[in-house]
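1. here is my input, please return the structure:
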Amino acid sequence: MLNVIAVPTTPEAARAVRHRADALIAAPLPDDAEVRGDWVRAPGARGGAVIYVHGGGFAHTMPEAERVMAYRLSKATGRPALRVDYRLAPEHPYPAAIEDVLAAWRRVLDEGVPAAEVVLAGESAGATLVLSALLEIGRTGGPRPGAAVVVSPVTDFALTGASLAANDGKDVMSRAALGSIRAQYLAGAPADQAPQSPLYGDPRGLPPLLIAVGTDEVLLDDARRFAQAADAAG
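-> Next up is the predicted model:
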């Protein structure tokens with residue numbers, strides 16, 4: 001049985017989901033650290049790997065639904081997918097989750113998967129973590145993944161995007177909810193610095209990116225501005 005997230009089809013339903021969403025927001029990792037998560041392989045999946053980083057406001061996880069997403073990614077790419085079970089805020093605020101994604105990246109490479117055959121994928125908070133991890137991989141040097149796919153990332157925790165106000169009320173996410181997420185995840189870390197806010201990082205040398213976002217999302221400008229910066233950096 002698949003777990004499916006239903007998209008609200010009426011303004012009334014969207015408002016109800018926003019009210020529920022408000023209620024839901026709630027030292028470097030050693031190289032030999034255990035990577036929590038699990039591999040999901042669709043029939044026919046062979047070489048390479050997808051590292052899948054789930055959403056949930058940096059504070060929540062739904063493993064069964066996430067395994068379904070990992071399966072779909074595996075089927076679409078023909079590669080086994082690793083669902084990363086990263087540490088969650090507020091008990092484990094920034095940078096714990098980024099450290100866990102980087103540990104998963106190192107472990108996949110240690111298992112002999114060529115870096116160019118690895119795709120990082122994530123949605124929402126997971127999309128932010130993917131971009132943060134890419135910036136850290138670029139900053140520290142070494143091999144880089146072949147590509148990345150991010151859906152609705154938060155790229156600017158300073159919350160300066162114009163769509164935060166323009167689309168507030170159209171989206172199931174709200175500016176107020178993002179403020180709560182920021183407080184739990186950053187726990188006092190600067191909101192206008194990378195890698196926690198990827199928009200402030202150096203995008204030069206990033207792998208090919210697919211960035212997806214809806215026109216009515218409050219995070220439209222977060223995605224659009226990062227895409228523009230990546231384009232400008234080549």
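2. C-alpha from now on. contacts and neighbour counts both.
-> Fine.
3. for the residue lying closest to residue 156 once chain neighbours are set aside, give me its contacts.
-> Among residues not flanking residue 156 along the chain, residue 197 sits closest, at 4.9 Å (C-alpha to C-alpha, 6 or more residues apart in numbering). Applying C-alpha atoms under 8 Å, 6 or more residues apart in numbering, we find residue 197 in contact with 128, 132, 154, 155, 156, 157, 158, 191.
4. in PyMOL, how would I select the buried members of the residues you listed?
-> Here is the PyMOL selection string for the buried members of these, based on 16 or more other C-alpha atoms under 10 Å:
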select buried, resi 128+132+154+155+156+157+191
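5. just put the contacts of residue 197 in CSV and tack on secondary structure.
-> What follows is the contacts of residue 197, written out as CSV (DSSP: H, G, I helix; E, B strand; the rest coil):
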residue, secondary structure
128, helix
132, helix
154, coil
155, coil
156, coil
157, coil
158, coil
191, coil
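6. strands of the chain, start to end?
-> Here the chain has its strands, by DSSP state E, at 37-40, 49-53, 81-84, 118-123, 147-151, 209-212.
7. just put these in JSON lines and tack on mean neighbour count and distance to residue 174.
-> JSON lines is the format used below for the strands of the chain (neighbours: other C-alpha atoms under 10 Å; distance: least, C-alpha to C-alpha, whole Å):
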{"stretch": "strand 37-40", "mean neighbour count": "17", "distance to residue 174": "30"}
{"stretch": "strand 49-53", "mean neighbour count": "28", "distance to residue 174": "22"}
{"stretch": "strand 81-84", "mean neighbour count": "27", "distance to residue 174": "26"}
{"stretch": "strand 118-123", "mean neighbour count": "25", "distance to residue 174": "16"}
{"stretch": "strand 147-151", "mean neighbour count": "21", "distance to residue 174": "17"}
{"stretch": "strand 209-212", "mean neighbour count": "16", "distance to residue 174": "18"}
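8. hmm, back to that, quick check: the farthest pair among the contacts of residue 197?
-> 132 and 158 (15.2 Å; C-alpha to C-alpha).
9. ok, back up a step: between the contacts of residue 197, which is closest to residue 93?
-> residue 191 (13.1 Å).
10. residue contacts, the nearest residue to residue 131 once chain neighbours are set aside?
-> When the adjacent residues along the chain are set aside, residue 131 lies closest to residue 198, with 6.2 Å between them (C-alpha to C-alpha, 6+ apart). By C-alpha under 8 Å, 6+ apart, residue 198 lies in contact with 128, 131, 132, 135, 155, 156, 226.
11. closest one to residue 168 out of the residues you listed, please.
-> residue 156 (16.2 Å).
12. most widely separated two among the contacts of residue 198?
-> Among these, 135 and 156 lie farthest apart (C-alpha to C-alpha), at 14.1 Å.
13. I'd assumed residue 212 was in contact with residue 152.
-> Yes - using C-alpha atoms under 8 Å, residue 152 makes contact with residue 212 at a distance of 6.1 Å.
14. between the two, which contacts overlap?
-> Contacts common to residue 152 and residue 212, judged by C-alpha under 8 Å, 6+ apart, are residue 223.
15. looking at this protein, which helix or strand is least sure?
-> helix 11-24 (a mean of 44; mean pLDDT, DSSP states H and E).
16. low-scoring stretches of the protein, by residue?
-> Applying pLDDT under 70 to the chain flags the ranges 1-35.
17. hmm, 90 instead?
-> Counting by pLDDT under 90, the chain contains low-confidence residues at 1-37, 141-142.
18. so where do the helices sit in it?
-> Using DSSP state H, the helices of the chain run over 11-24, 63-77, 96-110, 125-140, 163-166, 175-186, 220-232.
19. can you redo those helices as TSV with distance to residue 88?
-> Formatted as TSV, the helices of the chain follow (distance: least, C-alpha to C-alpha, whole Å):
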stretch	distance to residue 88
helix 11-24	13
helix 63-77	13
helix 96-110	7
helix 125-140	11
helix 163-166	25
helix 175-186	8
helix 220-232	22
